[in-house]
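1. Got a sequence here, can you model it:
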Amino acid sequence: MIERVVERAVAADPAAVLLPGHFLYQSETSIQERVDDVTGLLDPLTKAEIQVYAVMGNHDYAVEAVEELTTAFEERGIEVLANEAVLVPAPGGGRGSGLFLVGMGPSSVGEADPQKALDDVPEAAPRLVMMHNPTTFPELPADTAPMSVAGHTHCGQIALPLLSRWSYLGLTEEEEELVADGFAPDGYGAEGNEMFVTCGIGFSLLPVRINAPPQLLTIELHRA
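-> The predicted model follows:
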């Protein structure tokens, strides 16, 4: 499945590919072996000279693989953002200087610092915000994230109709107010900010999804 998704991403020839975390889930074999598996699956993106940016997820911290993943990614040209911003050039030498990509890790393990991440972004500069946990979104100051994306939830992974807790996997008691998929509703987050939560392509605990299919999200940006 990951090979097919990467193939589709390469074929789309995007200006950039964003990876919002959860690269390793378990460490039943050596961490380096798992890291090699991940980088091997992502290699077609960088070989196609597509700019790739990533943030780490809570599982990556849980298996203590962040350092190994970051080193391996950056050796292959994948830029890992940890509460920081980077200027992404306009594609094809287009008008303007590009936009800032702001990246934040998982708030669920205390690795998200929105203020630090936004510090180097000029006030009026165009920007896209990538975070791992959707629960980081309400912490963003007003008008700092006109478009942001998040992962983590797998869109519930198992979404059973008519149940009060429709999104079972991926949600915890501390995250009951979590936006699990799609655009955040009005009133969630500060004024002027918008967030889309992608279903991603993986899973937790069980290798199954119900009413929460894997998703490769395409974002097309236009001038205001």
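
2. ranges for the helices of this structure?
-> Taking DSSP state H as the criterion, the chain contains helices spanning 2-12, 31-47, 58-62, 66-75, 114-118.

3. my guess is residue 19 contacts residue 56, does it?
-> No. If you go by C-beta atoms under 8 Å, residue 19 and residue 56 don't touch, sitting 9.6 Å apart. Using the backbone N, CA and C atoms, a C-beta is placed for each residue, glycine as well.

4. Name the residue in these two with the higher neighbour count.
-> Ranked by neighbour count (other C-beta atoms under 10 Å), residue 19 and residue 56 place residue 56 first, with 28 against 22.

5. And the pLDDT for the more buried one?
-> Looking at residue 56, its pLDDT reads 97.

6. now swap in the one 4 residues further on and tell me
-> In this prediction, residue 60 carries a pLDDT score of 94.

7. Equivalent analysis for the one 10 residues further on, please.
-> At residue 70 the predicted local confidence, pLDDT, stands at 97.

8. just to revisit the earlier point, looking at the helices of the chain, which is closest to residue 206?
-> Residue 206 sits nearest to helix 58-62 of all those, at 14.7 Å, using C-beta to C-beta.

9. Please enumerate residues in contact with that closest one?
-> Helix 58-62 is contacted from outside by 21-25, 66, 69, 105-106, 108-109, 111, 132-133, 152, 204, using C-beta atoms under 8 Å, 6 or more residues apart in numbering.

10. my guess is residue 219 meets residue 129, correct?
-> No. Under the criterion of C-beta under 8 Å, residue 219 is not in contact with residue 129, lying 11.7 Å apart.

11. May I see the buried residues of stretch 202-221?
-> 202-203, 209, 212, 214-215 (16 or more other C-beta atoms under 10 Å).

12. One more: stretch 186-193?
-> For stretch 186-193, the buried set under the neighbour-count rule, 16+ other C-beta under 10 Å, comprises 188-189, 193.

13. possible to save these as a markdown table with pLDDT and distance to residue 84?
-> Below are these laid out as a markdown table (pLDDT from 0 to 100; distance: C-beta to C-beta, whole Å):
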| residue | pLDDT | distance to residue 84 |
| --- | --- | --- |
| 188 | 92 | 25 |
| 189 | 95 | 21 |
| 193 | 97 | 19 |
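
14. burial of residue 67, as a residue count?
-> Neighbours of residue 67 using other C-beta under 10 Å come to 11.

15. if I look at it, how far off is residue 80?
-> 10 Å (C-beta to C-beta, to the nearest Å).

16. show me what contacts the nearest residue to residue 184 once chain neighbours are set aside?
-> Sequence neighbours aside, residue 195 is the residue nearest to residue 184 in space, at 4.4 Å (criterion: C-beta to C-beta, 6 or more residues apart in numbering). By C-beta under 8 Å, 6+ apart, the contact list for residue 195 reads 134, 137, 145, 148-150, 179, 183-184, 188-189.
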